[in-house]
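Trainee: Give the three-dimensional model of this entry:
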Amino acid sequence: RHHIFHAPSRRPLAHPLSTTVSASALHIPTEEADRNDDLVERDANGNYSMAAPSTSLKPNMGVQTELEEETEQENQMIGLYGKRNEHWDTAAILSEIKAALDSSLEKKVRSLDNDRWMFEGEG
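Mentor: Numbering: from 1, shown residues only. Below is the predicted model of the structure:
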């Protein structure tokens, strides 16, 4: 059994390229590239065409103003009212909720004051 694994191979050694043919002389024919099959877009000169995607944003799309962010935070705080968690300091949470509610109501009153002209009659 010792000779099974250590016996020399009976196959002759194969060389990928013969010594008379060099690798540079080997020519592999290629197909003519079809522009419709290309994965990349090319211009008229055959160069890659690189077009950047549009980064224009629609108005008020994805960008919040400070006022909108503050309003969102206030709404989240007001939403905590009635929820219980043993790790929260109840007095501090209620104080924060009250402050957020006061701020939210003040903004609504200011908004109504600014829009009062729509509801008043002329003269």
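Trainee: show me what contacts Leu94?
Mentor: Taking Cβ atoms under 8 Å, 6 or more residues apart in numbering, we find Leu94 in contact with Tyr81. Where C-beta positions appear, they are placed from N, C-alpha and C, glycine not excepted.
Trainee: I'd like the next helix or strand past the biggest helix by length in the chain.
Mentor: What stands out as the longest helix in the chain, according to DSSP state H, is helix 90-114. Toward the C-terminus, helix 90-114 is succeeded by helix 116-119 as the next helix or strand (DSSP states H and E).
Trainee: Show me what the mean pLDDT comes to for that next one.
Mentor: Averaged over helix 116-119, pLDDT sits at 82.
Trainee: nearest residue to Tyr48 other than its sequence neighbours?
Mentor: Val40 (5.6 Å; Cβ to Cβ, 6 or more residues apart in numbering).
Trainee: Let me know whether that neighbour touches Asn47 as I believe.
Mentor: No. Using Cβ atoms under 8 Å, Val40 is not in contact with Asn47; the gap is 10.1 Å.
Trainee: if we can go back for a sec, quick check: the gap between the residue nearest to Tyr48 and Ala51.
Mentor: With distances taken as Cβ to Cβ, to the nearest Å, Val40 is found 11 Å from Ala51.
Trainee: now swap in Asn75 and tell me
Mentor: 41 Å.
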